[in-house]
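Enquirer: The following block contains a protein sequence and its predicted model.
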Amino acid sequence: MAVVVAAALPAGFRPENGPAQWAAAAGLLTLLAFALTRPAVALGMVADSPETAANLPLPVMFVPWPTGPGVRRLVRRCGGGARGPGRRDPVG
């Protein structure tokens with residue numbers, strides 16, 4: 001998460017949240033990673049080959065992508081450099 005924030009700052013992202021909100025965001029991202037990892041491991045354990053094990057979890061990994069309203073809300077908070085690409089939301 002620190003790498004993403006460090007890359008977003010030069011692009012114009014200006015965080016307005018306090019430490020408690022950042023800790024909550026980190027906790028939610030950790031829970032999301034845990035929630036996505038468990039089914040991926042289960043699918044990998046029932047796979048017949050390494051190739052199948054690598055490809056079975058892909059649909060599970062793309063579940064969080066269709067968050068169009070969240071993307072639009074984030075784009076409004078970003079600076080000028082990130083607004084242009086952010087407006088071209090392919091999902092929403």
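Expert: Thanks, I have it.
Enquirer: can we go C-alpha only for contacts and neighbour counts from here?
Expert: Will do.
Enquirer: Torsion angles phi and psi at Gly27?
Expert: For Gly27, the backbone dihedrals are phi -60, psi -40 (criterion: degrees, to the nearest 10).
Enquirer: Kindly tell me how buried it is, as a neighbour count.
Expert: 12 (other Cα atoms under 10 Å).
Enquirer: Check the one 3 residues further on too.
Expert: Thr30: 12 surrounding residues under other Cα under 10 Å.
Enquirer: the helices in the chain, which residues?
Expert: Using DSSP state H, the helices found in the chain span residues 2-11, 19-46, 50-55, 58-61, 68-77, 80-87.
Enquirer: Look up the pLDDT of the closest residue to Ala54 other than its chain neighbours for me, please.
Expert: Nearest non-adjacent residue to Ala54, counting by Cα to Cα, 6 or more residues apart in numbering: Gly44, 7.2 Å away. pLDDT, Gly44: 85.
Enquirer: For Gly44, list the residues it contacts.
Expert: By Cα atoms under 8 Å, 6 or more residues apart in numbering, the contact set of Gly44 is Thr52, Ala53, Ala54, Leu56, Pro57.
Enquirer: go again using 10 Å as the cut-off
Expert: Applying Cα atoms under 10 Å, 6 or more residues apart in numbering to Gly44 gives the contacts Arg38, Pro50, Glu51, Thr52, Ala53, Ala54, Asn55, Leu56, Pro57.
Enquirer: Give me the distance between the fifth one and Leu43.
Expert: The gap separating Ala53 from Leu43 is 7 Å, by Cα to Cα, to the nearest Å.
Enquirer: for the last one, same thing?
Expert: Here Pro57 is placed at a distance of 7 Å from Leu43 (Cα to Cα).
Enquirer: which neighbours do those two share?
Expert: With Cα under 10 Å, 6+ apart as the test, Pro57 and Leu43 both reach Thr37.
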